[in-house]
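Asker: sharing a model prediction with you, sequence too.
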Amino acid sequence: MRQVTPIFAVGALAGLVIGALAAGAFAADPPEIAITIEKNRFQPEEIRVKAGQPFVLVVTNKDATPEEFESKELRIEKVIPGGKTLKIRVRALKAGSYPFVGDFHQATAKGRIVAE
Amino acid sequence: MGATFVVTLREAFEAALLLGIVYSYLDRVGARAQYRWVTLGGALGLVASVLGGVAVWFLSGPLLDLGPDLVAAAVIFVAVALLTWHSWWMRQHARAVTGDVQRRLDEARATQRLWIVGLVAFTGVFREGAETVLFLWGLMSQVSVSGFGGLAGGVLGIGTAAALGWAIFRGGRRLSLPRFFNVTSVLLMLVAAGLCSTGFGKLQALGALPATDPLWDSSWLLNDGGVIGGFLGGLVGYRARPTVFEVGAYGAYLIAATLVFFARRGPADQAPDASEREAHVG
């Protein structure tokens, strides 16, 4: 009995948190910023946003191959299949520079978000 | 080639580590007949990874925007629960070793709980599996003179991870039984704490938890975007700029797990259940 309880406890916690997540994610309506991946590069490579305001990155992958938009600092890891567009919600940032990479093509796919 | 090697090695290593540990665990408790649960779990994890990778191509709109994140967050917390359960169980064995190990193991087998190691194998493979499938798929679809090196590197990375898993399995067999249980349960605890912390970081990034400033910045010492830092990040949850939620989740998990796994000596031991007491006496 005792070895089953923690699983249920964590399961219940996960359920709650994911519920809150789903509710929160569809709440507000922040500005959208478009960014494109083409030939394993980001366009533009520098995105300027207002500090202290959440926003949505609309990422379009024009390549045939998938790419992973990854930012260690922002805790974002999102695979974008070839030819697809997806939206990534980004929380309000403090002023500063936040690098991101295309994890699948790190040599070329690099960029940064500058919050000011 | 080097870059793709690092990517697949990093993604596959966690799975290889977990598989190595659960296989050697079964070997050490004399339950080799139960290997099939791990093999089945790992194979199903692979199938689910391919299906997950394929599914991403068919998703669009909010499902594509949020679906993979929700699945990833759920898998992280399920993995934390499973790893906790598994290390708790190994601690029980470690304690029983001083008493009557065989009886405890027979008991475990009799109650059919060994199939849960299959779930550990499943989540271990599935967690980074879909991403790895998409990555390799991308490499394959651009195979040309330049792309071939990348694909070779990717495949080599998975092969290396598998070899490391095998080395862990072999190494696990060389340790004395009590030491094996101790080392692996501590290792799994660190992996679970890292996952727990990663899960909370993800929830913050997704807006389910409030955003907070980094508690410190150790990127000058070890950057989590680099090869070693990235590796440690995947394995034990290293972050160069952790948030208070990440550090808190890590610490809280370690403290709770340590209390549950290690500090149950003395009066508290008397109460819980009869089999526990018998194991100590016997």
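Answerer: Nice, I can see it.

Asker: residues from the stretch 1-150 of chain B in reach of chain A?
Answerer: Of all the residues in the stretch 1-150 of chain B, those in contact range of chain A (Cβ under 8 Å from any Cβ of the partner chain) are B:3, B:7, B:56-57, B:60, B:62, B:64-66, B:68-70, B:72-74, B:77-78, B:80-82, B:84-85, B:88-89, B:92, B:113, B:130-131, B:134-135, B:137-139, B:141-142. Heads up, the C-betas are built off the backbone N, CA and C, glycines and all.

Asker: make a PyMOL selection of the buried ones in those.
Answerer: Once 16 or more other Cβ atoms under 10 Å in any protein chain shown is used to decide burial, the buried members of the residues of the stretch 1-150 of chain B next to chain A can be selected in PyMOL as follows:
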select buried, chain B and resi 3+7+56+64+65+66+68+69+72+73+74+77+78+80+81+82+84+85+88+89+92+130+131+134+135+137+138+139+142
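
Asker: list the residues that contact B:Arg241.
Answerer: When contacts are counted by Cβ atoms under 8 Å, 6 or more residues apart in numbering or on different chains, B:Arg241 touches A:Glu73, B:Pro214, B:Leu215, B:Trp216, B:Asp217, B:Ser218, B:Ser219, B:Asp224.

Asker: redo those residues as JSON lines? Include pLDDT.
Answerer: Shown next, in JSON lines, are those (pLDDT from 0 to 100):
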{"residue": "A:Glu73", "pLDDT": "87"}
{"residue": "B:Pro214", "pLDDT": "87"}
{"residue": "B:Leu215", "pLDDT": "89"}
{"residue": "B:Trp216", "pLDDT": "89"}
{"residue": "B:Asp217", "pLDDT": "89"}
{"residue": "B:Ser218", "pLDDT": "89"}
{"residue": "B:Ser219", "pLDDT": "84"}
{"residue": "B:Asp224", "pLDDT": "83"}
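
Asker: which of the residues you listed sits closest to B:Gly42?
Answerer: Distance to B:Gly42, by Cβ to Cβ, is smallest for B:Asp224 among these, at 27.8 Å.

Asker: what's the neighbour count on the closest residue to the closest one other than its chain neighbours?
Answerer: Nearest-residue entry for B:Asp224: B:Ala240, 4.3 Å, with adjacent residues in sequence omitted and distances by Cβ to Cβ, 6 or more residues apart in numbering or on different chains. Around B:Ala240 sit 20 other residues, with neighbours defined as other Cβ atoms under 10 Å in any protein chain shown.

Asker: buried ones in the strand or helix carrying B:Ala167, by neighbour count?
Answerer: Assigned by DSSP states H and E, B:Ala167 belongs to helix B:145-174. Along helix B:145-174, the positions that meet the burial threshold by neighbour count (16+ other Cβ under 10 Å) are B:147, B:149-151, B:153-158, B:160-162, B:164-165, B:168-169, B:172.

Asker: residues near the closest residue to A:Ala64 other than its chain neighbours, how many?
Answerer: Distances taken as Cβ to Cβ, 6+ apart place A:Gly82 nearest to A:Ala64, at 4.3 Å, with adjacent residues excluded. Neighbour count of A:Gly82, defined by other Cβ under 10 Å: 18.

Asker: pairing partners for the helix or strand containing A:Thr60, with directions?
Answerer: Secondary structure assignment for A:Thr60, by DSSP H and E: strand A:55-61. Note on strand A:55-61: by DSSP bridges, its sheet partners are strand A:32-38 (parallel), strand A:85-90 (antiparallel).

Asker: turn those strands into JSON lines, including mean neighbour count, distance to B:Ile21 and mean pLDDT.
Answerer: Rendered in JSON lines, the data for the strands paired with strand A:55-61 read as follows (neighbours: other Cβ atoms under 10 Å in any protein chain shown; distance: least, Cβ to Cβ, whole Å; pLDDT from 0 to 100):
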{"stretch": "strand A:32-38", "mean neighbour count": "15", "distance to B:Ile21": "37", "mean pLDDT": "94"}
{"stretch": "strand A:85-90", "mean neighbour count": "20", "distance to B:Ile21": "34", "mean pLDDT": "91"}
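
Asker: how far off centre is the helix holding B:Ala167?
Answerer: Relative to the mean C-alpha coordinate of its chain, helix B:145-174 is positioned 17 Å out (Cα atoms, centre = their mean, to the nearest Å).

Asker: buried subset of the contacts of B:Arg241?
Answerer: Buried members of the contacts of B:Arg241, counted by 16+ other Cβ under 10 Å: A:Glu73, B:Pro214, B:Ser219, B:Asp224.

Asker: that older thread, buried residues of the strand holding A:Thr60, list them for me.
Answerer: Judged by neighbour count (16+ other Cβ under 10 Å), strand A:55-61 contains these buried residues: A:Phe55, A:Val56, A:Leu57, A:Val59, A:Thr60, A:Asn61.
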